[in-house]
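Novice: here is a sequence with its predicted model. Questions after.
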Amino acid sequence: MSEAALPDWLDPEFLRLLIVAVLVVVAFLLYIVLRFVRRLVAKVVLLVLLVGLGVSLWVQRADLEDCALTCECTLYGQEVVIPVEQLPENLRTIDANGDAGCSIASEVLSIGPEFLT
């Protein structure tokens, strides 16, 4: 599976706040559907889709809470690499070659030097 590195300005905390903002938008859309859509079938289909999206976002938000602590992050199946400078201090490691990494219990994940800059 391919990995994507988070930009410097995008950390797990910001992603959690962004997901909450999107959940507010989904709640507003639910209100619009309930208020203005008249056909029962269309209303039910839109409600199911929006509630499903909301639940999915909430689950992803919950997964992000543990993201930096486990050094393993995925958003909708896409692996996301957290830059070393965004990791908690107690998880940062430097190996003999000078490469930064992330330690998980007794295991060390190596992160190449391209994530250090």
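Specialist: Cool, got the structure. Note that the coordinates shown come from a computational prediction; the quantities given were computed from them, not determined experimentally.
Novice: in this structure, where is pLDDT below threshold?
Specialist: Scanning the chain for pLDDT under 70 picks out 1-8, 65, 68-69, 81, 83-84, 86-87, 98, 100, 103-117.
Novice: any residues touching the host helix or strand of residue 15, and which ones?
Specialist: Per DSSP states H and E: residue 15 is located in helix 12-36. Among residues not part of helix 12-36, those counted as contacts by Cβ atoms under 8 Å, 6 or more residues apart in numbering are 43, 46-47, 50-51, 53-54, 57-58, 60-61, 64-65, 67-68, 73, 75, 82, 86. Where you see a C-beta, it was placed from the backbone N, CA and C, and this is true even at glycine.
Novice: just those residues: which are in helices?
Specialist: In helices, judged by DSSP state H, the following of the contacts of helix 12-36 are found: 43, 46-47, 50-51, 53-54, 57-58, 60-61, 64-65, 67-68.
Novice: now do stretch 90-97: distance to the chain's middle.
Specialist: On the basis of Cα atoms, centre = their mean, to the nearest Å, stretch 90-97 is displaced by 24 Å from the centre of the chain it belongs to.
Novice: what is the neighbour count of residue 26?
Specialist: Close neighbours of residue 26, defined as other Cβ atoms under 10 Å, add up to 20.
Novice: give the buried residues for the helix holding residue 15.
Specialist: By neighbour count, and taking 16 or more other Cβ atoms under 10 Å as the criterion, the buried residues in helix 12-36 are 12, 15, 16, 19, 23, 26, 29, 30, 33.
Novice: how much space separates the fifth one from residue 99?
Specialist: Separation of residue 23 from residue 99 (Cβ to Cβ, to the nearest Å): 38 Å.
Novice: still on that earlier bit, buried among the ones in helices among the contacts of helix 12-36? Make that a PyMOL selection.
Specialist: Buried residues within those, as defined by 16+ other Cβ under 10 Å, are selected in PyMOL through the command that follows:
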select buried, resi 46+50+53+54+57+60+61+64+67+68
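Novice: pick the one among the ones in helices among the contacts of helix 12-36 closest to residue 90.
Specialist: Within the set of the ones in helices among the contacts of helix 12-36, residue 68 lies nearest residue 90; the separation is 10.7 Å, counting by Cβ to Cβ.
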